[in-house]
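Chemist: I would like to see how this sequence folds:
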Amino acid sequence: MTIFFDTNILRKHIFNQEPIKELFELSKEGKIKIYISEMVLWEYEKHFITNINNNIVDYNKALENLLQFIPNGNKKFDCDKIAITKIFNVEKDKLIKDYKIEIAKFYHDSIIDSMKNRCLESKAPFHNEGDNFKDYIIWESYREIINKNKDEEYIFMSNNLKDFS
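Modeler: Numbers count the residues shown, from 1 in each chain. Down below sits the predicted model:
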């Protein structure tokens, strides 16, 4: 059996929610195969970077309030995007290795790399609204695998009932 994950399902595993964790364990044991689209990884990277940056901003605001009461105190935390991306890549590589995850690639050329970078930076046209192109790429990357191996059973897991139902 082969299972394809959408971004919202991958995030549930990262937060150790059942039964997603059980599926990853089955993959680790070789009982099922899990594919994650490169677009899912790119979307998750964007969420990862955004969440860390938001937490750093919240931390620094709270620290600024606290430092009012501490003379000469200054312990602001700063973390650049490159460092956060390195942390993400270590975690991603560990996930892929530990659970024998296959990456579903759609296609690569300068257009896709440019699209990824603009998406990660939330530059036009990749704002919060109208990100349907990502769902399309996710689906197409999985469809290519299905078309190559028609004798398998496939499950696509997503909480996105609007775009994938």
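Chemist: Please tell me how far the nearest residue to Ile52 once chain neighbours are set aside sits from Ser27.
Modeler: Distance criterion C-beta to C-beta, 6 or more residues apart in numbering; nearest residue to Ile52, sequence neighbours excluded, is Ile84 at 5.1 Å. No exception for glycine: its C-beta is placed from N, CA and C like everyone else's. Taking C-beta to C-beta, to the nearest Å as the measure, Ile84 and Ser27 are separated by 27 Å.
Chemist: circling back: give me the contacts around the helix or strand harbouring the residue nearest to Ile52.
Modeler: Assigned by DSSP states H and E, Ile84 belongs to helix 81-98. Residues from elsewhere that reach helix 81-98, judged by C-beta atoms under 8 Å, 6 or more residues apart in numbering: 13-14, 28, 36, 41, 44-45, 48-49, 52-53, 101, 103.
Chemist: Mind doing that once more with 6 Å?
Modeler: Residues from elsewhere that reach helix 81-98 (C-beta atoms under 6 Å, 6 or more residues apart in numbering): 45, 48-49, 52.
Chemist: Save these as CSV, and put in neighbour count too.
Modeler: CSV is the format used below for those (neighbours: other C-beta atoms under 10 Å):
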residue, neighbour count
Glu45, 20
Phe48, 19
Ile49, 18
Ile52, 16
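Chemist: Tell me the confidence at Met115?
Modeler: The confidence metric pLDDT takes the value 67 at Met115.
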